[in-house]
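Trainee: everything below, folded, please.
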Amino acid sequence: MFVKRAMLVAAIGLTGCGGNPFTGNPDSGSGDNSGNAEYGTALNAALTMNSMAYDAGKDELVVNNIPFDGATAANGQAVYARQGGLGATGFGRYENVAGDLNYYAVFRRSDSGAVEGGAFQTGDYVTPGTGGAAVRRTGNVNLPSTGEYTFTGEYAAVRSFDASATAPVGVQYITGSSNLSLDFGDFDGVGAVIGTITGRNLYAEDGSLIGPMNDYVTFAAGEIDRANGKISGGTVVNRTVTTELGTGSWSAVIGGTNGTEIAGIIVFEGEGAGANGNTMRETGILIATRP
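Mentor: Numbers count the residues shown, from 1 in each chain. Sure, this is the predicted structure:
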């Protein structure tokens, strides 16, 4: 890992001189045009991934359009293998099996298999770097026309840092509890959504627990796209009781036969709890269900 990070620091200097320090296999895969998926590309320009597929038999992820993660799959995409779990959650930790940079991911498929999501980051840049996020439902969905519903579940994220004054500091993982309220009747035509991520815990790059965090995440202002079963346009705030730490955006897909499950992408940037003054990006996934 040290060698790869040293290469990246050198690469930044070469870029300014028009150099091309990496000559690995190009990522020649294609993007996902499915109407059942949402990607983080619209939420943050650094989240470049445009395709993610889960191979349950091998417990691997195959992804497209993340640079330097090793395009070794037959279709020109990159493979991420499971490294273990993350606390007491249903999320797994995954890492790319090849490539010039080390990428770390969290992924979970819901217990029913109706929705799934994954988030990807690297700690090998001296900025938060590139990555990706995706959520998907595995079938059609029929949404309620009215009513207020509460969804509860889990959250996991990867975060990386702007450590330009020092050597790259790698990545950290986050877990938490997700709670969302959806009103399908009001506002007229678009509904309303509010939610929180609480009970957050911090983990090291190897998945070992560092400890509980004193911050939480709120998200709101999303609009329900009834025709496509998605939520878009939402805002995110990360804060402690007294201080705002970061802001960002979120989106989601609604799954299950009657809209009983949600998979959402949450991404925000800011100082972040425990970031020691560095700018941080957190890229996370929530999986939540209702009765």
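Trainee: and the nearest residue to G35 once chain neighbours are set aside, what element?
Mentor: Beyond its immediate neighbours in the sequence, the residue positioned closest to G35 (Cβ to Cβ, 6 or more residues apart in numbering) is N228, lying 6.1 Å away. C-beta coordinates here come from the backbone N, C-alpha and C atoms, glycine included. When secondary structure is defined by DSSP states H and E, N228 falls outside every helix and strand.
Trainee: report the separation between N228 and L143.
Mentor: Computed with Cβ to Cβ, to the nearest Å, the distance linking N228 and L143 is 10 Å.
Trainee: just Y104 next, same as before
Mentor: 34 Å.
Trainee: check E261 too.
Mentor: 12 Å.
Trainee: can you give me the buried ones in stretch 284-291?
Mentor: Along stretch 284-291, these residues count as buried under the neighbour rule (16 or more other Cβ atoms under 10 Å): 284-290.
Trainee: show me how far the helix or strand where G234 lies is from its chain's centre.
Mentor: Assigned by DSSP H and E, G234 falls within strand 230-239. Relative to the centre of its chain, strand 230-239 is centred 13 Å away, using Cα atoms, centre = their mean, to the nearest Å.
Trainee: one more: stretch 75-87?
Mentor: Distance of stretch 75-87 from the chain centroid (Cα atoms, centre = their mean) equals 14 Å.
Trainee: can you check stretch 233-247 too?
Mentor: Put simply, stretch 233-247 sits 17 Å off its chain's centre (Cα atoms, centre = their mean).
Trainee: kindly report the same for stretch 75-91.
Mentor: Between the mean C-alpha point of stretch 75-91 and the mean C-alpha point of its chain there is a distance of 12 Å (Cα atoms, centre = their mean).
Trainee: list the buried residues for it?
Mentor: Burial within stretch 75-91, assessed by neighbour count using 16+ other Cβ under 10 Å, is assigned to 77-80, 86, 89, 91.
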